[in-house]
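A.B. asks: following is a predicted model, sequence given first.
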2 protein chains.
Amino acid sequence: MTRNGHPPAPAAFQEMWRDLSPVGRHPGSGGYRRFAWTAADSDCRSWFREQAEARGLAYEVDRNGNQWAWLGDPAAGDAVVTGSHLDSVPDGGAFDGPLGVVSAFAALDELRGRGVEFGKPLGIVNFGDEEGARFGLACVGSRLTAGRLGIAEAHRLTDADGITLPQAMEAAGYDPDAIGADPERLSRIGAFVELHVEQGRALDLNGDRVGIASAIWPHGRWRFDFRGQANHAGTTRLGDRRDPMLSYAETVLAARREARLAGAVATFGKIAVEPNGVNAIPSLVRGWLDSRAADQTTLDAMVTGIEEAAHDFAAEHGVELDVVRESFTPVVEFDHALRDELARILGKEAGLKVPVLGTGAGHDAGILSGTVPTAMLFVRNPTGISHSPAEYAAEDDCVAGVTALADVLEGLARR
Amino acid sequence: MTRNGHPPAPAAFQEMWRDLSPVGRHPGSGGYRRFAWTAADSDCRSWFREQAEARGLAYEVDRNGNQWAWLGDPAAGDAVVTGSHLDSVPDGGAFDGPLGVVSAFAALDELRGRGVEFGKPLGIVNFGDEEGARFGLACVGSRLTAGRLGIAEAHRLTDADGITLPQAMEAAGYDPDAIGADPERLSRIGAFVELHVEQGRALDLNGDRVGIASAIWPHGRWRFDFRGQANHAGTTRLGDRRDPMLSYAETVLAARREARLAGAVATFGKIAVEPNGVNAIPSLVRGWLDSRAADQTTLDAMVTGIEEAAHDFAAEHGVELDVVRESFTPVVEFDHALRDELARILGKEAGLKVPVLGTGAGHDAGILSGTVPTAMLFVRNPTGISHSPAEYAAEDDCVAGVTALADVLEGLARR
């Protein structure tokens, strides 16, 4: 045991991982269902508070339900903050989010073990509702805090059961009337670093344990509503049909072709069909396109190509098509000075080979980067699988991530 | 008013149609949601009972929840029975089912108006749960009665909310322990005639109001489970994906091609996706194929072609595929003697031009035809649309249907 009664990583890491592991885990799928403002989310939040208090950190919840743990007084300003989120996608993995929060506490333990004295306040944060699994909008906690989501719009968010965000927050014991932008809080932060499991195989293919993010690809969600004519599947001649499932299927394949040509990604992963009966030609097939590319021009061209193809297919089948852009996030270039500082700390000082890589995934770090100097660290994912019960990172790599994060925090605190 | 206080058709028809019209109608879609053993179903059943009692008919419910109304004593045997069903598919039309029941009562009124005396018992029936919208199996009421659905299997039927058929029957005030085959009841029936709105445009294309069914095409339902690998839609390179949505889409299009080549029909109208998240490559895409052809050989060849194509697509994308046949109904040839008798009654005696046509839709008449001499009358559908709020038949054609049904019942009663 080191001073303050905290064991050093990786023991601390393992213990936290074990504690958090059963929370919100579905016994059937083996995946996690930690959705915002549910019982599983509340258990995650209790865990965060316990970790903060066990380390003698000052614990607080901000107006948007994000949790913070402080060493030193944040009012002093120029704080160094790290953290991520604890919620999950439906049947998500154990690492996306929690690895960043667990590593934050473990890195603090490591620095205490090293006897580091911080000249600046150090914060650990758990942002609420990052995945948007319940209300359909990602990064609600950080968006609200950064003033990038309006209060009225947030109040209109509704889950699949018709429960609104305010109702859900209230049921979980939070005050939905308090939500809104929090510029004063963000102004105290000098640097924010989010550690995250990589959601691709770039590190693994190069044999690296840890990487630094360069940018988040521009990305968006588009809803394709194909409206045809409900009819009897057994008696309606092919020529008399206006079957929207056919145009949907053609569009799914067109999206794949356009993505391959663009060197980008495009996915139809969510669908809603009406009436969704075995013996009924659908009246409506609603498909959601998730589309991302390294730059805006490529993304625009790809989505335009998919939309044009979809309109052609729909016209061919007598189907009406509406395409609605539901969300869009422009490219996020992380702070270059901070990124270079991380590369210097990890490369020259710690002697690591740390590649700099882009990512197609959105993160709270991306939301904050418009307001606060922000950087990200990625930890190797040997399969690249994410948003799945099979998501995995080796313990050695996680420990390397904790050490790298500790190095970065120590270096930044010393600036 | 005629004797017994019953107005003649079409007034009786119009009045019954008006009474039944609001029951289970969804204000948003304008379609019907009359699912077995729900409140809407119960309202339909009350309506049936009232119609029976208003006409002084003996009312009874059989062990499987089918409703019967009798003129004369069915125990005398050689009964002439007509009727259909009152339940609906999700957001179905007003005609599929109810037209046969309303026309049955209206035809009785017409015959009473004509002063016809029946030498045989006349029955009107409302079969329960014909569409199978709630429990996934069509014609549950007639299948049970005909001994073509086992009690244990029926007891295992479960709706989307996890409610079993016995629980649903019990909640609606029926005894689920009483269900089972009812050969004694069927043995009393000398002929069963079901009138139904046509679910295609064959009559309309030839300018006919009424037709006679020759056969029900063999048809079945197959479940295609495409299992891939859930993964992050933003960060997983195309080459690393095992996306089951792609194989599903290719299979939807292959089914259309195979159906066109076979001169048959094949439809993917129902889908279930896991985890069904916008930013998640699915782990599972489950699609249901409804497939029908004029003969067994054609149907087998078509389904084999679709399955083989699906397996090829799945293999190409590293996706596992299981295909399960969930239900199958062989070709039903309606009783030739009865069919010829209907043609004689309507053609030679009533002077109508009545085409004989096959159909791709299953019906209670198809289930009963293995046990009882059975025939069907179709009424013109000017658009061919069915299983949709837009399903429609002109009042003139409905009245022609009532008259034809009355002619048929009178002719059969006189045999």
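C.D. replies: Cool, got the structure.

A.B. asks: do the helix or strand where A:Arg257 lies and chain B meet?
C.D. replies: Per DSSP states H and E, A:Arg257 falls inside helix A:244-262. Yes: Helix A:244-262 lies within reach of chain B by Cβ under 8 Å from any Cβ of the partner chain, at A:245-246, A:248-250, A:252-253, A:256, A:259-260. For glycine as for every other residue, the C-beta is placed from the backbone atoms N, C-alpha and C.

A.B. asks: hey, where'd the helices end up in chain A?
C.D. replies: For chain A, helices defined by DSSP state H occupy the ranges A:11-20, A:39-54, A:98-114, A:140-145, A:151-156, A:165-171, A:183-187, A:202-206, A:244-262, A:296-316, A:336-344, A:364-368, A:395-414.

A.B. asks: tell me which residues of the third one are tucked away?
C.D. replies: The one in question is helix A:98-114. A:98-113 (16 or more other Cβ atoms under 10 Å in any protein chain shown).

A.B. asks: tabulate the CA atom coordinates of that helix in CSV.
C.D. replies: Taking C-alpha atoms only, helix A:98-114 is exported to CSV below (Å, rounded to 0.1, in the frame of the first residue of the first chain):
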residue,chain,number,x,y,z
PRO,A,98,-15.7,2.9,-18.4
LEU,A,99,-12.0,2.4,-19.4
GLY,A,100,-11.5,6.2,-19.4
VAL,A,101,-13.1,6.6,-16.0
VAL,A,102,-11.4,3.7,-14.3
SER,A,103,-8.1,4.7,-15.9
ALA,A,104,-8.5,8.2,-14.5
PHE,A,105,-8.9,7.0,-10.9
ALA,A,106,-6.1,4.4,-11.4
ALA,A,107,-3.8,7.2,-12.9
LEU,A,108,-4.4,9.3,-9.8
ASP,A,109,-3.5,6.4,-7.6
GLU,A,110,-0.3,5.9,-9.7
LEU,A,111,0.6,9.6,-9.4
ARG,A,112,0.1,9.5,-5.6
GLY,A,113,2.2,6.4,-5.5
ARG,A,114,4.9,8.3,-7.4
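
A.B. asks: what helices or strands is it leaning on?
C.D. replies: Applying 3 or more Cβ pairs under 8 Å, 6 or more residues apart in numbering or on different chains; DSSP states H and E, one finds that helix A:98-114 contacts helix A:11-20, helix A:39-54, strand A:79-85, strand A:122-127, strand A:189-197, helix A:395-414.

A.B. asks: so which of the ones you listed is nearest B:Val399?
C.D. replies: Each of the helices and strands packed on helix A:98-114 has some distance to B:Val399 by Cβ to Cβ; the shortest is helix A:39-54, at 59.9 Å.

A.B. asks: buried sites along that closest one?
C.D. replies: Neighbour-count burial for helix A:39-54 [16+ other Cβ under 10 Å]: A:40-45, A:47-49, A:51-52.

A.B. asks: and these, which two are the farthest apart?
C.D. replies: Longest span within the buried residues of helix A:39-54, Cβ to Cβ: A:Ala40 and A:Ala52, 19.3 Å.

A.B. asks: residues contacting A:Asp204?
C.D. replies: A:198, A:380-384 (Cβ atoms under 8 Å, 6 or more residues apart in numbering or on different chains).
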